[in-house]
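# sharing a model that was predicted from the sequence below.
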Amino acid sequence: MRFILIRGLGRDQLHWKPLLRELRRVFPNALIETPDIPGTGILHKKPSPLHLPDYLPYFERQLSDSDEPAVVIGLSLGGMLALTWAALAPELFSHAVVINTSSNLSPFYRRLQVYKAWREPAAIFRVSKRAKEKAIYHLTCNVRPMPEALLDEWERIQRLNPVKITNQIRQIWAGLHFTPPPKSLLPPLSVIYSNADEFVDPQCSKDLISHYNSNSYTHDWAGHDLPQDDPYWLVQQLQTILSGQTSISH
């Protein structure tokens with residue numbers, strides 16, 4: 001088994017930690033690869049491309065030399081990149097899984113509900129890294145309160161791999177121009193979304209599901225960062241997807 005995980009806006013591979021722990025428990029022999037988006041993580045000094053296909057060479061250079069088709073899993077912007085990549089190189093993937101992802105099938109105001117950031121202004125305005133990370137958590141996660149240890153970890157990640165606001169804007173620009181590729185170009189597809197997502201309207205995932213007539217899996221209470229809020233449930237769904245069973249709600 002091989003997994004390739006792609007994170008979303010302004011986040012890097014170090015933010016996969018809760019999901020990685022659970023994936024390794026359930027799939028102990030799997031090869032799990034976590035390439036960074038340019039502009040984040042080990043590539044935080046690189047400019048984020050303005051077009052999604054231009055991200056793919058950066059991913060390819062970070063992968064192992066394995067030729068086993070992978071299950072590609074993308075969160076939010078990572079889901080757009082996963083679908084773009086799978087359509088351009090379908091032989092590389094056995095399945096595509098997108099989580100809380102949007103597309104231009106949905107209007108802008110549903111795709112990025114920035115108006116809700118008024119409750120957490122530190123997510124936008126120039127403040128301390130710690131305050132910003134806490135605000136991002138409150139916008140994207142629904143487990144309360146945020147553990148202090150997690151806040152310490154996220155602050156450390158941003159000090160290690162600082163993300164420029166210009167790169168975040170470039171990533172948003174690239175994502176806003178995402179058009180879902182034809183279903184005929186894709187491997188089997190599953191869409192997972194959170195009903196309680198307050199950062200990207202769940203209707204965006206529903207629009208993708210209708211467009212592709214794809215399998216879907218719904219979480220009732222998690223936020224946009226579902227892998228952080230409930231990694232155990234998410235891996236259960238991956239087991240279901242890969243075994244071809246029916247979905248499990250939570």
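Now that the structure is in, tell me what you want to look at.
# ranges for the helices of this protein?
17-26, 56-62, 77-88, 108-111, 129-140, 148-160, 165-176, 202-212, 226-229, 231-243 (DSSP state H).
# so how many other residues sit close to the residue lying closest to Glu133 once chain neighbours are set aside?
In space, and not counting its chain neighbours, Glu133 is closest to Trp154: 4.1 Å by CB to CB, 6 or more residues apart in numbering. For glycine as for every other residue, the C-beta is placed from the backbone atoms N, C-alpha and C. If you count neighbours by other CB atoms under 10 Å, Trp154 ends up with 22.
# so what's Trp154 up against?
Trp154 is in contact with His15, Glu133, Ile136, Tyr137, counting by CB atoms under 8 Å, 6 or more residues apart in numbering.
# could you dump the helices of the chain into JSON lines with mean pLDDT and distance to Pro188 added?
Formatted as JSON lines, the helices of the chain follow (pLDDT from 0 to 100; distance: least, CB to CB, whole Å):
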{"stretch": "helix 17-26", "mean pLDDT": "98", "distance to Pro188": "19"}
{"stretch": "helix 56-62", "mean pLDDT": "98", "distance to Pro188": "20"}
{"stretch": "helix 77-88", "mean pLDDT": "98", "distance to Pro188": "10"}
{"stretch": "helix 108-111", "mean pLDDT": "90", "distance to Pro188": "25"}
{"stretch": "helix 129-140", "mean pLDDT": "92", "distance to Pro188": "28"}
{"stretch": "helix 148-160", "mean pLDDT": "97", "distance to Pro188": "33"}
{"stretch": "helix 165-176", "mean pLDDT": "95", "distance to Pro188": "23"}
{"stretch": "helix 202-212", "mean pLDDT": "98", "distance to Pro188": "10"}
{"stretch": "helix 226-229", "mean pLDDT": "98", "distance to Pro188": "20"}
{"stretch": "helix 231-243", "mean pLDDT": "96", "distance to Pro188": "8"}
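# out of these, nearest to Ser194?
Between Ser194 and those, the tightest spacing by CB to CB is seen for helix 226-229, at 5.1 Å.
# which other helices and strands contact that closest one?
In this structure, helix 226-229 packs against helix 17-26, strand 189-194, with contacts taken as 3 or more CB pairs under 8 Å, 6 or more residues apart in numbering; DSSP states H and E.
# run through who's touching it.
With CB under 8 Å, 6+ apart, helix 226-229 has contacts from 15-16, 18-19, 75, 99-100, 140-143, 192-194, 197, 219, 221-223, 234.
# starting at the chain centroid, how far to that helix?
Offset of helix 226-229 from its chain centre (CA atoms, centre = their mean, to the nearest Å): 10 Å.
# pull out the buried residues from that helix.
Across helix 226-229, burial judged by 16 or more other CB atoms under 10 Å covers Leu226, Pro227, Gln228, Asp229.
# residue contacts, the most centrally placed residue in the chain?
When the chain is reduced to its mean C-alpha position, the nearest residue by CA atoms, centre = their mean turns out to be Leu75, at 1.4 Å. By CB under 8 Å, 6+ apart, the contact set of Leu75 is Ile6, Arg7, Gly8, Arg11, Ile99, Asn100, Thr101, Asp225, Leu226, Pro227.
# for stretch 189-200, measure first residue to last.
End-to-end distance of stretch 189-200 (CA to CA, to the nearest Å): 20 Å.
# so can I have TSV of the helices of the chain showing distance to His44?
Converted to TSV, the helices of the chain look like this (distance: least, CB to CB, whole Å):
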stretch	distance to His44
helix 17-26	18
helix 56-62	12
helix 77-88	16
helix 108-111	24
helix 129-140	13
helix 148-160	9
helix 165-176	8
helix 202-212	27
helix 226-229	20
helix 231-243	24
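# for Glu33, which of those helices is the nearest?
helix 56-62 (7.4 Å).
# ok, residues contacting that closest one?
Outside helix 56-62, the residues that touch it by CB under 8 Å, 6+ apart are 4, 6, 33, 35-38, 43, 46, 81, 84-85, 88-89.
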